[in-house]
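Chemist: I'd like to go over a predicted model; first the sequence, then the structure.
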Amino acid sequence: MAECLFCQIVEGTISAKKLYEDDHVVAFDDINPQARVHVLVIPKRHVASLEDTQDSDAALLGQLMVVCAKIARERGIVESGYRVVANTGREAGQTVFHLHLHVLGGRSFTWPPG
Ligand code: AMP
Ligand code: ZN
């Protein structure tokens, strides 16, 4: 989607600090980090949110989670712990409507989230 920010990051027309890339998934640093480690893991294909997924997306969703765990290991936040978040829809605070998983770590978090 030409007007989608994260599609433009996938294509390279908007720059981002890419940490991981394979045929289907890209991971890059969040531009406004909310923790010492704050990485976004996204599908290359435009999917607006979890609400836009179906059974045929199960492998892609699994790969996104596997990449989150890989990033956590590489960034050294496994021992201390980390959080993976998919804000979905307005009241959850989703602002970019291209599916993304936040990987957050390097500080302690409260539960329930705000
Ligand atoms: P959400 O609020 O869950 O939709 O998260 C969107 C995230 O995208 C926020 O954490 C933003 O800081 C991040 N973001 C917005 N623009 C960029 C960008 N150009 N590069 C990297 N991250 C971005
Ligand atoms: Zn997109």
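Modeler: Arrived safely. Ligands and ions are numbered 1, 2, ... in the order given.
Chemist: average model confidence for the strand ranked longest in the chain?
Modeler: Among all segments of the chain classified by DSSP state E, the strand with the greatest residue count is strand 37-43. Taken as a whole, strand 37-43 has a mean pLDDT of 98.
Chemist: Which residues of this protein lie near ligand 1?
Modeler: Among all residues of the chain, those adjacent to ligand 1 (criterion: Cβ under 6 Å from any ligand atom) are 5, 14, 16, 30-32, 40, 87, 93-96. (Each C-beta comes from the backbone N, C-alpha and C, glycine too.)
Chemist: For this structure, which segments count as helices?
Modeler: With DSSP state H, the ranges of helices along the chain come out as 5-11, 58-74.
Chemist: what's the most buried one of those?
Modeler: helix 5-11 (a mean of 18; mean count of other Cβ atoms under 10 Å).
Chemist: picking that back up, any chance of the helices of the chain in JSON lines, with mean pLDDT too?
Modeler: Listed next are those as JSON lines, based on pLDDT from 0 to 100:
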{"stretch": "helix 5-11", "mean pLDDT": "98"}
{"stretch": "helix 58-74", "mean pLDDT": "98"}
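Chemist: Go through the ones you listed and name the closest to ligand 2.
Modeler: Within the helices of the chain, the stretch nearest ligand 2 is helix 5-11; the backing value is 3.4 Å (Cβ to the ion).
Chemist: which residues are contacting that closest one?
Modeler: Identification of contacts with helix 5-11 by Cβ atoms under 8 Å, 6 or more residues apart in numbering yields 1-2, 14-16, 26, 28, 40, 42, 44, 46, 96, 98, 100.
Chemist: Keep only those residues that also lie close to ligand 2.
Modeler: Near ligand 2, judged by Cβ under 5 Å from the ion, the entries from those are 1, 46, 98.
Chemist: on that earlier part again, would you turn the contacts of helix 5-11 into a markdown table with distance to residue 109 and neighbour count?
Modeler: Conversion of the contacts of helix 5-11 to a markdown table gives the following (distance: Cβ to Cβ, whole Å; neighbours: other Cβ atoms under 10 Å):
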| residue | distance to residue 109 | neighbour count |
| --- | --- | --- |
| 1 | 32 | 12 |
| 2 | 36 | 7 |
| 14 | 29 | 11 |
| 15 | 29 | 9 |
| 16 | 24 | 18 |
| 26 | 25 | 20 |
| 28 | 21 | 20 |
| 40 | 17 | 22 |
| 42 | 22 | 23 |
| 44 | 29 | 17 |
| 46 | 29 | 15 |
| 96 | 21 | 15 |
| 98 | 24 | 22 |
| 100 | 18 | 24 |
